[in-house]
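Student: build me a structure from this.
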Amino acid sequence: MAQDGLLGKKLIIAFTDERGNALQKSPEILKWSVEEITSEEKKHPVGEENEHRQVLQSGYKGTIEGQSPNTAYDDIVDMKQQYQDQFGGTLKFVIFTSETYKDGTVRKYKYEEVTFDGYKRSSDGGGKPITNNLNWHATRRVKQ
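Tutor: Next up, the predicted model:
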């Protein structure tokens with residue numbers, strides 16, 4: 001049976017720049033997603049009965065979504081733009097996650113060479129909070 005409330009209670013997410021410096025402000029995260037990026041190669045050699053399949057893992061992607069209790073989302077977007085203007089490249093980040101499962105198992109991962117894109121901000125008006133959304137992509141995930 002599904003259990004409510006993992007995010008914020010049993011799932012902890014932290015952000016640093018690629019040098020390991022923690023961001024001054026952490027974005028509030030109400031929704032978090034992660035998906036493995038793979039490519040597939042299939043071969044069915046002539047005269048052979050079976051098809052050969054190889055799946056190659058090439059990274060991870062996902063989104064973070066939350067409200068604006070501080071300037072963290074804007075700070076990330078501003079940092080990216082400032083880095084691009086100064087150095088002409090793409091600023092990379094690191095995402096750390098720590099999740100505690102129902103049986104007490106703790107699993108920690110480090111997502112490396114994280115880049116952000118697709119920043120969106122929306123509001124329904126009428127005093128409702130502003131919602132921020134950022135897509136992310138990492139080259140690899142390392143078990144800590």
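
Student: tell me where this protein has helices.
Tutor: For the chain, helices defined by DSSP state H occupy the ranges 72-87.

Student: strands of that one, start to end?
Tutor: Counting by DSSP state E, the segments of the chain that form strands are 11-17, 31-43, 52-67, 93-100, 106-122, 131-138, 140-143.

Student: in its sheet, which strands sit next to the fourth one, and in what direction?
Tutor: With DSSP bridges as the test, strand 93-100 is paired with strand 11-17 (antiparallel), strand 106-122 (antiparallel).

Student: what comes up buried for it?
Tutor: In terms of neighbour count (16 or more other C-beta atoms under 10 Å), strand 93-100 has its buried residues at 93-95, 97. The way it works is simple: take the backbone N, C-alpha and C, and place the C-beta from them, glycine included.

Student: quote the end-to-end distance of stretch 91-107.
Tutor: 27 Å (C-alpha to C-alpha, to the nearest Å).

Student: which residues touch that stretch?
Tutor: Contact partners of stretch 91-107, identified using C-beta atoms under 8 Å, 6 or more residues apart in numbering, comprise 3, 6, 10-18, 20, 76, 79-80, 83-84, 108-116, 136, 138, 143-144.

Student: next up, the contacts around the nearest residue to T90 once chain neighbours are set aside.
Tutor: Beyond its immediate neighbours in the sequence, the residue positioned closest to T90 (C-beta to C-beta, 6 or more residues apart in numbering) is T115, lying 5.5 Å away. The neighbourhood of T115, defined by C-beta under 8 Å, 6+ apart, consists of 90-93, 136-137.

Student: return the member of these nearest to K25.
Tutor: The shortest separation between K25 and any of the contacts of T115 is 13.6 Å, and it belongs to F93 (by C-beta to C-beta).

Student: what's the closest non-adjacent residue to that closest one?
Tutor: Distances taken as C-beta to C-beta, 6+ apart put V114 closest to F93, at 4.3 Å, once the chain neighbours are dropped.
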